[in-house]
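> sequence and predicted structure are below.
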Amino acid sequence: MRRYLFLADFHGNVPATLAMEKAIAPLGAQEIWFLGDAVGKGPGSRTTCDWVRAHCDHFLGGNWDYGIGGKEYPADDYYWNQLGPERMAWLNGLPREAELWLSGIRFRLYHGRPVEDLMTVDMDKSVLSAAFHPRGEHFGGIIFADSHRPFFRTLNDGYMMNTGSVGNSMGVPRAHALVVDAEPGRAPGPLVCSILSVPYDNEAAAELARQDPGLPFRDAYITEVLTGVYSR
Ligand SMILES: [Fe+2]
């Protein structure tokens, strides 16, 4: 079996990212996938962007990566100044999708938006089903991020696995990731899927934001890291 880690939605939260780093070290993952949103929201986007580039093996972009990397919204100049042109070009050039065969199942990997609309665990399955059949193709599973809530759901189309968020978790304000043990490739085999839930110093993350008066939507970010309640 090969161990895969799927990490996403770091969003400039350095205490959460470092807690995740400590938690994954003993897991011995052989392949680490980044599924988008390294930056934006929190005050430490430069650090979380560099962390992702240093620690992950494969990279996909998220809506914040493209928005900030492509200078989509002038209000994001706080992040542009922090990241600089080289990081922004890297973010803007990230691929949007990938596929990965695990234990005989063809998985579609992407962040969520802007490839699909936001997908949540409580959505009607007829809506979610479309994500398994893009462009006339057929996938047996989806591994994605963007909702900031880890979940696992089984449809007739196949498995849906959401990574949750490292730095901006909704629901339970801990750092989350997805761990999959599988046989690489198209031969059918057993598959183990786990949600990794890591406590971190939420108050330290809030304090870093309090010390940075220029951070856009600062109060919303502080509430989110302390409570896990979406506040923008
Ligand atoms: Fe995100």
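Looks like it arrived, so ask away. Numbers count the residues shown, from 1 in each chain.
> find the nearest non-adjacent residue to residue 6, please.
Leaving aside its sequence neighbours, residue 6 sits nearest to residue 178 (Cβ to Cβ, 6 or more residues apart in numbering; 4.1 Å). Glycine gets a C-beta too; all of them are placed from N, C-alpha and C.
> assign that neighbour to helix, strand or coil.
Using DSSP: H, G, I helix; E, B strand; the rest coil, the structure places residue 178 in strand.
> that one against residue 3, yeah?
No - contact criterion Cβ atoms under 8 Å: residue 178 and residue 3 do not qualify, at 11.3 Å.
> those two: which is more packed in?
Each of residue 178 and residue 3 has its neighbours counted (other Cβ atoms under 10 Å); residue 178 has more, 25 against 16.
> tell me what the more buried one is bridged to.
Bridge pairing for residue 178 (DSSP bridges) gives the partners residue 6, residue 195.
> can you give me the pLDDT of it?
On the pLDDT scale, residue 178 is placed at 98.
> ok, now which ones touch it?
Neighbouring residues of residue 178 by Cβ atoms under 8 Å, 6 or more residues apart in numbering: 5-6, 143, 150, 161-164, 193-196.
> at 6 Å instead, please
6, 161, 163 (Cβ atoms under 6 Å, 6 or more residues apart in numbering).
> what is the burial count for the first one?
Looking back up the chat, that one is residue 6. When neighbours are counted by other Cβ under 10 Å, residue 6 registers 29.
> next one: the last one
Using other Cβ under 10 Å, residue 163 has 32 other residues around it.
> quick check: the gap between it and residue 149.
From residue 163 across to residue 149, the span is 10 Å (Cβ to Cβ, to the nearest Å).
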